[in-house]
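**Q** need the 3D shape of this:
(4 chains)
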4 protein chains.
Amino acid sequence: MTSAPTPMVAVHRVAASGPDDVSGLTRLVDSGALDPAGIVAILGKTEGNGCVNDFSRGFATQSLGLFLRDHVGAEAAAEVCLVMSGGTEGALSPHWIVFERKSAGQLSSSGSALAPSLAMGSAITPPLPPEHLGRLAQVGMVAQGVRDAMGRARINDPSAVHFVQIKCPLLTSARVAEAEARGHATTTRDTLKSMGLSRGASALGVAVALGELPLDVISETAIGTDMGLWSGRASTSSGIEIMGHEILVLGMSPDWTGPLAIDHAVMADAADVEPVRAALDRLGLGQPGQLDAAARGRVRTVLAKAEASRTGTVRGLRHTMLDDSDISATRHARAFVAGVLAGATGMTDLFVSGGAEHQGPDGGGPVAIIVERA
Amino acid sequence: MTSAPTPMVAVHRVAASGPDDVSGLTRLVDSGALDPAGIVAILGKTEGNGCVNDFSRGFATQSLGLFLRDHVGAEAAAEVCLVMSGGTEGALSPHWIVFERKSAGQLSSSGSALAPSLAMGSAITPPLPPEHLGRLAQVGMVAQGVRDAMGRARINDPSAVHFVQIKCPLLTSARVAEAEARGHATTTRDTLKSMGLSRGASALGVAVALGELPLDVISETAIGTDMGLWSGRASTSSGIEIMGHEILVLGMSPDWTGPLAIDHAVMADAADVEPVRAALDRLGLGQPGQLDAAARGRVRTVLAKAEASRTGTVRGLRHTMLDDSDISATRHARAFVAGVLAGATGMTDLFVSGGAEHQGPDGGGPVAIIVERA
Amino acid sequence: MTSAPTPMVAVHRVAASGPDDVSGLTRLVDSGALDPAGIVAILGKTEGNGCVNDFSRGFATQSLGLFLRDHVGAEAAAEVCLVMSGGTEGALSPHWIVFERKSAGQLSSSGSALAPSLAMGSAITPPLPPEHLGRLAQVGMVAQGVRDAMGRARINDPSAVHFVQIKCPLLTSARVAEAEARGHATTTRDTLKSMGLSRGASALGVAVALGELPLDVISETAIGTDMGLWSGRASTSSGIEIMGHEILVLGMSPDWTGPLAIDHAVMADAADVEPVRAALDRLGLGQPGQLDAAARGRVRTVLAKAEASRTGTVRGLRHTMLDDSDISATRHARAFVAGVLAGATGMTDLFVSGGAEHQGPDGGGPVAIIVERA
Amino acid sequence: MTSAPTPMVAVHRVAASGPDDVSGLTRLVDSGALDPAGIVAILGKTEGNGCVNDFSRGFATQSLGLFLRDHVGAEAAAEVCLVMSGGTEGALSPHWIVFERKSAGQLSSSGSALAPSLAMGSAITPPLPPEHLGRLAQVGMVAQGVRDAMGRARINDPSAVHFVQIKCPLLTSARVAEAEARGHATTTRDTLKSMGLSRGASALGVAVALGELPLDVISETAIGTDMGLWSGRASTSSGIEIMGHEILVLGMSPDWTGPLAIDHAVMADAADVEPVRAALDRLGLGQPGQLDAAARGRVRTVLAKAEASRTGTVRGLRHTMLDDSDISATRHARAFVAGVLAGATGMTDLFVSGGAEHQGPDGGGPVAIIVERA
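**A** Numbering: from 1, shown residues only, chains lettered A, B, ... in the order given. I've put the predicted structure just below:
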């Protein structure tokens, strides 16, 4: 036994009655089930449209910030990684996922000393110069950040990393102008396009860090274009409130303890549930059909990316998601993939997010599952 | 061999590139695979919003009408039951489903003489007086129409009926005024509400005809209100172009032949896939996960109803479908249930429709599957 | 000259770059142009959908609350009336309107001693029992609140009142259940319907207080139904965050000073601009055609209600606003009326809100204009 | 009096109860008011979303085709120019505008011999090779077509042309592939983008033909990019059903007779109503505010283009149209501009269309008005 206590991850999945509803988090803290000082990251599936004018995300971020400041003070609150993903289409249920780092010097009754166990590490990169967004420089910066986070997670083997959640920046007119004033052209002037390029470059950074792709196969022009290049374990999200990147690595490490385990799958298309069932099986939850209530009770979270395939088809049959001027394609994709995953798990509080550039193959996406082992 | 040839049903599932694309139907006719004179019904999953201002339905109806008139003349064309269901949310693929009645006096190489086999019968009721819409009188009229259609389908045992597709009328300001001029008040003056009440009353008519509910448990006020009353085999759809009801009964009968069989399931909620898997199993397509390609190739069609549960929850977890002012709840529900069924079947050309009043329990709905037996 | 300083109203119209952007308010305070202690009310035209799932309103309310607490402390902040109206359709520009009460014991260089001048008064009613919502009891409570606010505004003559802004409560499942537990049935169980009934009853309360309608012509069943009953000066808005009513009365009083004046018009339908032009004329801004830049510079705010006429027509021609399942009718109406008013004024930072039950005739609505006199 | 009868234009504005409602046209024909053989063009403001998946346009086109075939036979029906513009946001009322060519050898009681009078001419260009779409070659082809149409309209002076309505092609995957197979790259592979480029190039073709812009200021890269280049009299619309261009020129010519006259204005931004009022004044309908009923009765049609300014502002104030992921910017713009024009005219059956690339300045657009002179 090391002198330092063995760390473990606790994952709390908490229902939210609105983007500003932190009452569930408050109850966990008051009951002693959650130590706010141990909060490393909070993911939120909020109920806005998940697209450009989604105010549920900023409202949630502000509300979580007030909650954290009340409990741990402004400085520590600023350290917590907040990733709000909008869009609870179909039967998706709005909720928070709190990642808490605990110490387990000795075994608790609810824990176990099985190793490897779920491990996590985070990193924050320096600010990204606007002219690097969507370019190889961003890929490189993110790859380094992922390596740093892996270090803190004490994960040496890239194949033991199962999910990397990244919040990345975007371009505003002001940032574009600032770069141009220094003589540098940005890769685009369009905020919405910059979000996709930033997500994509960040995903490729994950792929490089995890050895999924060698850096030299990624050209500047491939970013945002060559959908044959992708990471099977990245989930990236772009926001205006960040100038660098916040990186959260989740994987398995013998240096962590606790009952939780993580695995991942890659959906090849929007209906490709078999890889997800295989991942559940590797985690000890293999069943024909939908998980029963007992199995469902052991799932801590499901994190997935969804998108509408650019080909306009799924298994050769035309879809209409990209041609619907009334509903954004990402909203369609989230609702549908949520149904596919709900069919497999019986759950509706799933963290299904859009914006899957270079995250899984075109039309598919990575899915990570965290369970409490028997 | 009987003196009259034994009837059989052929079901053709045909992709559509738009609401007016009948080219797939034309190809089937030209190749001899489909005899237009045998067409009894055409269902269409068209790509409008599936709500009030959905012009894909009328456009499809007009286009199919022109196709039918070209092939069988105006009089026979008017006999064909056309049911257009709008809304191809998520990855749903727009398509037609043609129900063709064939004769099989002798066995063809692709058919078989297994009985019972898929059977169908249709009926058209007289016009429904506007003041009867949404009331017990409509329930009674529809129940009689279902019995007539069962007779033509030569199905004696109500439990052998697996799906009843009904197109029912609605109220317009003009029809309301006409009834009031005769001294009768209609159950509502709102077109959209009248559509739901008409669908609901028609579903209860199916329930009565099939013995799912005794008529005396249905009160006038329960229609549209008591969601504890429902049919597990009705699929109803309201339209402006009809004054009575068009009824299509699908079931199993030893008086029909052919390789096709039908069964049904009732989803208790939007994620309830197990009954669907059980129905696939009864049809000889039971598999632990998603149907493989060979099994998928034997599915002729999947017909399902989807809706957003009025409780605002699915398995106790809040959904946001009823509170989304940007996207109608029926669109959310179709996308999600399509995902659930796609996860089970691997198919996206599924006939998932909304408007499920009294069709399955609140938040759930009937699902019928037609397969070609091995 | 009275011993007490003569009050005056300052109205500040401030652009917002997002629902949480209070920087413009901060700049006004830092420059000395706005004394936060004098803030009586802040109206916000925020950029959500203005319907049920509009999070821009809550986000704005929380952000303004933080701003006010920083400047005047929690207790005084709670006294400020905040009315957020979502929906900036068409070219509408998101902005805040701050109503500040100042003292003008002596004439300032920018003020003038012309009386009557713009006057304002506010009142907060007790909580409304849920079973009173949408009923005559609410009408009566609001009428009393309006009289109280008129008293504080020192407006004795109801005809001198030109605009009454009311924030009113709504029903939630919890509040319905609480009333039923006490043996009282609420007028509806549907949150969305309760919002319309609350707005309508509040508007009728204004009509009663201002003598526009005698109380005895308003029956319980007329509320929400008889669109022939309306106030030409009410603007009501329903929210979850309030249990009673916040009432802001704006009018003219010789007991107030300052350069501002208010008048109002009633649009008979969505295109009825002539009454608005007549009001501008009475305020000294009468021009053929659109206001020129000089005139525009003297307009402090335009407050209007918009709605889609229930008849489905405007001047006998069919509109499609009520049949559009993709866009809520209130969004359509706001965009269109914003265009009508922009054509008259040349302004896009107009406070155009929806939910106009009993506020102006069906399809029309009240419009108030505050200007700085020459 | 010339040996050939003097031509005149009749303009019929007809309400439509749905995209397939031709009953108003039938009534005009049956009453003798409209000779179907004289129909040159039918414009339709249909009630779909006006964007990619708008089926009201195809439904209307098919319905009008059936109407025309019934009356004039297939060959003559194919000669009629049909331009369907989707989107009746705000209070816009769906309607048809029929342009009929009549002969007036002798003066009828309802006509007059004032010259110049409204004149029209049409032309159909050859098919546009896909690789020319969005390029100077398309600009040139359209310019030639406009000159041809001007010739048929007997308009020699380009300044006498007040409106040119063009239907132009788009690119489909198939057409892109066909061009690439011949070794030519298309300007884009995206259908939606190709529509904008085709509209823009067509508008520039009008500008060249009318002498608004010299051809040499238009570079290949300026098309779709340099919004400083525009025509003040073009209205272009892209559709899948056409491979070339259909061009309708409207102007004034002494070689035509009849009571109708046309003039035009250019709105500099979405609220710029003064040029429209000035055009009404030149047409003898100048009034200080909204047109009164008598004046309104003399307006035959108002044809306008609307768009959301790319700057994100209107007169320096931020608009949210380009950032609304729930409602397309073109829908917002149509609703708002419809309000501006309704404020000026009191009419809601206005032909306001979107897709205004190079048609008027950024955020503005051309407006043409046809009136019956006193």
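**Q** any idea how far A:Thr345 is from the closest residue to chain B within the stretch 251-374 of chain A?
**A** Taking C-beta to the nearest C-beta as the measure, the stretch 251-374 of chain A has A:Gly339 as its residue closest to chain B, at 2.2 Å. C-betas here are computed from N, CA, C, even on glycine. Counting by C-beta to C-beta, to the nearest Å, the gap between A:Gly339 and A:Thr345 amounts to 11 Å.
**Q** more neighbours, these two?
**A** More crowded of A:Gly339 and A:Thr345, by other C-beta atoms under 10 Å in any protein chain shown: A:Gly339, with 35 against 23.
**Q** the more buried one touches B:Ala335, doesn't it?
**A** Yes: at 6.9 Å, A:Gly339 counts as touching B:Ala335 under the criterion of C-beta atoms under 8 Å.
**Q** overlap in contacts of these two?
**A** Shared contacts of A:Gly339 and B:Ala335 (C-beta atoms under 8 Å, 6 or more residues apart in numbering or on different chains): A:90, B:90.
**Q** can you pull the pLDDT of the most centrally placed residue in chain A?
**A** Closest residue to the average C-alpha location of chain A: A:Gln165 at 3.6 Å, with C-alpha atoms, centre = their mean. pLDDT recorded at A:Gln165 is 97.
**Q** quick one, what contacts it?
**A** Shown in contact with A:Gln165 (C-beta under 8 Å, 6+ apart): A:41, A:43, A:81, A:83, A:235-237, A:247-248, A:250, A:303.
**Q** so what are the sheet partners of the helix or strand encompassing it and their directions?
**A** A:Gln165 is located in strand A:161-168, with elements delineated by DSSP states H and E. On the basis of DSSP bridges, the sheet neighbours of strand A:161-168 come out as strand A:234-238 (parallel), strand A:246-253 (antiparallel).
**Q** please report how far A:Ile247 lies from chain C.
**A** For A:Ile247, the distance to chain C (C-beta to the nearest C-beta, to the nearest Å) stands at 26 Å.
**Q** for that residue, give me its contacts.
**A** A:Ile247 neighbours (C-beta under 8 Å, 6+ apart): A:122-125, A:142, A:145-146, A:148-149, A:164-166.
**Q** return the subset of these lying in helices.
**A** Members of the contacts of A:Ile247 lying in helices (criterion: DSSP state H): A:142, A:145-146, A:148-149.
**Q** could you dump the residues you listed into CSV and include distance to chain C, neighbour count and pLDDT?
**A** Below are those laid out as CSV (distance: C-beta to the nearest C-beta, whole Å; neighbours: other C-beta atoms under 10 Å in any protein chain shown; pLDDT from 0 to 100):
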residue, distance to chain C, neighbour count, pLDDT
A:Val142, 27, 31, 98
A:Gly145, 28, 26, 98
A:Val146, 31, 31, 98
A:Asp148, 32, 18, 97
A:Ala149, 30, 26, 97
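**Q** part of a strand, is A:Val266?
**A** Yes: counting by DSSP: H, G, I helix; E, B strand; the rest coil, A:Val266 is found in a strand.
**Q** just the pLDDT for it.
**A** What the model reports for A:Val266 is a pLDDT of 98.
**Q** from what I see, it and A:Val367 are in contact.
**A** Yes: between A:Val266 and A:Val367 there is a contact under C-beta under 8 Å: 7.4 Å.
**Q** list residues touching both of the two?
**A** Counting by C-beta under 8 Å, 6+ apart, the common neighbours of A:Val266 and A:Val367 are A:Pro275.
**Q** neighbour-wise, which of those two wins?
**A** A:Val367 (34 against 20).
**Q** SS state for that one?
**A** strand.
**Q** wait, it sits on A:Val302?
**A** Yes: counting by C-beta under 8 Å, A:Val367 touches A:Val302, with 6.7 Å between them.
**Q** overlap in contacts of those two?
**A** By C-beta under 8 Å, 6+ apart, A:Val367 and A:Val302 have these common neighbours: A:Leu341.
**Q** ranking the strands paired with strand A:161-168 by burial, who's on top?
**A** strand A:234-238 (a mean of 29; mean count of other C-beta atoms under 10 Å in any protein chain shown).
**Q** from the chain's centroid, how far away is that one?
**A** How far strand A:234-238 lies from its chain's middle: 6 Å, per C-alpha atoms, centre = their mean, to the nearest Å.
**Q** and stretch A:160-176, by the same measure?
**A** Put simply, stretch A:160-176 sits 11 Å off its chain's centre (C-alpha atoms, centre = their mean).
**Q** what comes up buried for it?
**A** Of all the residues in stretch A:160-176, those buried under the rule 16 or more other C-beta atoms under 10 Å in any protein chain shown are A:160-171, A:175-176.
**Q** follow-up on the earlier one: any idea how far the residue nearest to the centre of chain A is from A:Ala33?
**A** 23 Å.
**Q** spell out which parts of chain A neighbour chain C.
**A** A:18-20, A:47-48, A:53, A:55-56, A:58-59, A:62-63, A:326 (C-beta under 8 Å from any C-beta of the partner chain).
**Q** and with 6 Å instead?
**A** Taking C-beta under 6 Å from any C-beta of the partner chain as the criterion, chain A approaches chain C at residues A:19, A:55-56, A:59, A:326.
**Q** name the SS class of the residue of the stretch 51-200 of chain A found nearest chain D, please.
**A** The nearest approach of the stretch 51-200 of chain A to chain D comes at A:Cys51, 3.2 Å away (C-beta to the nearest C-beta). Under three-state DSSP, the three-state class of A:Cys51 is coil.
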